[in-house]
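>>> predicted model follows, preceded by the sequence.
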Amino acid sequence: MTTIAANLQAVRERIAAACIAAGRRPDAVTLLAVSKTWPAASLRDAADAGQQAFGENYVQEALQKIDALRELALEWHFIGPLQSNKTRAVAEHFAWVHSVDRLKIAQRLAGQRPAGMAPINLCLQVNVSGEASKSGCAPAEVAGLADAIAPLPGVRLRGLMAIPEPTDDASLQRRRFAMLRGLFEDIRAKPGSKLDTLSMGMSDDLEAAIMEGATLVRVGTAIFGQRQYQT
């Protein structure tokens with residue numbers, strides 16, 4: 001077993017244990033392997049261990065991996081900030097975008113999704129911590145943005161995503177996840193809503209996120225190790 005395969009197994013066990021502790025089915029949460037900065041060979045090791053969904057932050061880097069691993073038919077999620085001039089490449093190559101925080105980006109993805117492809121799945125990124133440096137729409141803007149995006153062709157609004165500010169305060173950590181869950185439940189209660197995805201929780205806080213209802217956790221370091229950035 002490779003190191004990545006062993007790490008994947010450990011993360012899956014953590015997820016299952018957290019689901020059981022929360023009174024949920026052990027398979028209630030999807031694992032998204034965050035593979036930014038890691039080479040295609042590392043993703044191939046993860047795929048060999050059964051991982052199918054991968055999250056990328058950088059468009060050009062991701063396109064190289066998508067091409068290199070095309071025969072594996074992996075599911076690609078874009079999870080980083082998305083600029084308007086990058087939307088076409090994302091619309092053409094990704095199944096999911098977790099980082100939509102304004103209507104313009106959703107409109108561009110909708111208009112640029114190739115005919116014949118399934119609608120691209122979208123999550124709205126919400127800035128639940130109120131950080132000035134963090135991407136995401138304000139909690140008060142979520143409902144209106146969801147209403148504006150829902151009827152667009154070529155996209156399907158699936159859920160909400162957040163990256164709360166790291167904290168050692170377990171109560172605050174849970175409250176921020178609970179805030180996102182509350183927004184999610186409010187939108188999901190509307191007639192015609194197709195929301196089914198709460199994308200929250202990472203390597204250090206996935207247990208808290210699962211306790212608050214996460215349906216998808218985004219894990220990188222616990223699978224691949226500490227990232228190696230080029231200088």
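Nice, I can see it.

>>> and L172, how far from P164?
Using C-beta to C-beta, to the nearest Å, one obtains 9 Å as the distance from L172 to P164. Where you see a C-beta, it was placed from the backbone N, CA and C, and this is true even at glycine.

>>> nearest spatial neighbour of S203, skipping sequence neighbours?
Closest residue in space to S203, ignoring its immediate chain neighbours: A222 at 4.0 Å, by C-beta to C-beta, 6 or more residues apart in numbering.

>>> pretty sure the one you found is in a helix, no?
Yes - using DSSP: H, G, I helix; E, B strand; the rest coil, the assignment for A222 is a helix.

>>> circling back to that earlier point, higher neighbour count, L172 and P164?
Between L172 and P164, counting by other C-beta atoms under 10 Å, P164 is the more crowded of the two (24 against 13).

>>> neighbours of the nearest residue to that one once chain neighbours are set aside, how many?
Closest residue to P164 apart from its sequence neighbours, by C-beta to C-beta, 6+ apart: R176 at 4.1 Å. By other C-beta under 10 Å, the residues close to R176 number 24.

>>> show me the contacts for R176.
By C-beta atoms under 8 Å, 6 or more residues apart in numbering, the contact set of R176 is 128-129, 162, 164-165.

>>> which stretch of helix or strand covers it?
Assigned by DSSP states H and E, R176 belongs to helix 170-188.

>>> quick one: that helix to chain centroid distance?
Taking C-alpha atoms, centre = their mean, to the nearest Å, the mean C-alpha location of helix 170-188 is offset from the chain mean by 16 Å.

>>> same question for stretch 107-127.
Worked out by C-alpha atoms, centre = their mean, stretch 107-127 lies 14 Å from the chain centre.

>>> so which bits of it are buried?
Of all the residues in stretch 107-127, those buried under the rule 16 or more other C-beta atoms under 10 Å are 107-110, 113, 119-127.

>>> end-to-end on that stretch?
Terminal residues of stretch 107-127 are spaced 21 Å apart (C-alpha to C-alpha, to the nearest Å).

>>> likewise stretch 212-224?
Using C-alpha to C-alpha, the end-to-end distance of stretch 212-224 comes out at 26 Å.

>>> mean confidence score for that stretch?
Per-residue pLDDT values across stretch 212-224 average out to 97.

>>> buried residues in that stretch?
Using 16+ other C-beta under 10 Å as the test for burial, stretch 212-224 gives 212-220, 222-224.

>>> and the strands in this structure, which stretches?
Listed in chain order, the strands of the chain (DSSP state E) span 30-34, 53-56, 75-78, 96-100, 120-125, 155-161, 197-199, 216-219.

>>> so what touches the third one?
Right, the one you point to is strand 75-78. So strand 75-78 is contacted by 32, 52-57, 59, 62, 66, 90, 93-99 (C-beta under 8 Å, 6+ apart).

>>> so how do I select the buried members of those residues in ChimeraX?
Command for ChimeraX, covering only those of the contacts of strand 75-78 found buried under the criterion 16+ other C-beta under 10 Å:
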select :32,53,54,55,56,57,59,62,66,90,93,94,96,97,98,99
